[in-house]
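Asker: Here's a sequence, model it:
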Amino acid sequence: MSISKTFFYISIFICLGLSQFGYTSSTMSEDKVSNVNRVDATNEKEQELLSKAAGLLADYEIAAKKLLTTLKNETSKAEEISDQAKELLLLSEEVINSTRFRLPQCDEYLTKTMVLKNSLKTISHESLEKDYHHDGALPKAPAECYHTKDLFIHPATVIILTRDDPSLNDTTKSSINAEISEVLGHTELVRQLVIY
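Answerer: All right, here's what the predicted structure looks like:
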């Protein structure tokens, strides 16, 4: 199967999977974003947390784009891609921890999401998709929680993909590209949800 056909089928699968759960990958209407219940940053500490999160989101976007550039390099190695995904995972945890007070309705959902970090050496890609990307192991939560969670889930998926295919075949590279490209769409939405 050619790369373009493989990418096409992966894209269709992702779109079908996301529509099954009622979310689109990186969009929420302006009305929905403005109607999200957020706690205001009322003191200096909370304002500092939001400022820190804004910087971390910028760092996240830079690191994600760097990963995509590395992926395009024919001599890139799975270990290098995995290390860059681990950096994104750490940045996502810091963003989530810095902004948790803004979206208290997401607290349990995000806490249970980040437990996944302890399973990255053993969880299957299929279980990660079902239980975390599509929320099978997570409590019900509003859409804003889903978008915030994806900052963590997409790099975790890349770590699993590189673990399972250290040779980085074309299908794996295409999947990694799709994961990171999608999460870049989530970063601006998360910025709107928790920073502004």
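
Asker: Excluding sequence neighbours, find me the nearest residue to I176.
Answerer: V158 (5.2 Å; CB to CB, 6 or more residues apart in numbering). Placement of C-beta: from N, CA and C, glycine included.

Asker: what does E94 give?
Answerer: Distances taken as CB to CB, 6+ apart place L56 nearest to E94, at 5.2 Å, with adjacent residues excluded.

Asker: any idea how far that neighbour lies from Y146?
Answerer: Distance, L56 to Y146, using CB to CB, to the nearest Å: 19 Å.

Asker: Of these two, which one has the most company?
Answerer: Remark: of L56 and Y146, Y146 carries more neighbours, 24 against 21, as counted by other CB atoms under 10 Å.

Asker: which element is that one on?
Answerer: In this structure, Y146 is located in helix 143-164 according to DSSP states H and E.

Asker: That helix packs against which elements?
Answerer: With contacts defined as 3 or more CB pairs under 8 Å, 6 or more residues apart in numbering; DSSP states H and E, helix 143-164 has these neighbours: helix 78-99, helix 107-114, helix 125-128, helix 170-190.

Asker: pLDDT of the longest one, averaged?
Answerer: Per-residue confidence for helix 78-99 averages out to 95 on the pLDDT scale.

Asker: Of all the helices and strands packed on helix 143-164, which one is nearest D31?
Answerer: helix 170-190 (13.8 Å; CB to CB).

Asker: Can you get me the centre-to-centre distance for that closest one and its chain?
Answerer: 8 Å (CA atoms, centre = their mean, to the nearest Å).

Asker: Could you pull out the buried residues of it?
Answerer: Neighbour-count burial for helix 170-190 flags 171-180, 182-184, 186-187, 189-190 (criterion: 16 or more other CB atoms under 10 Å).
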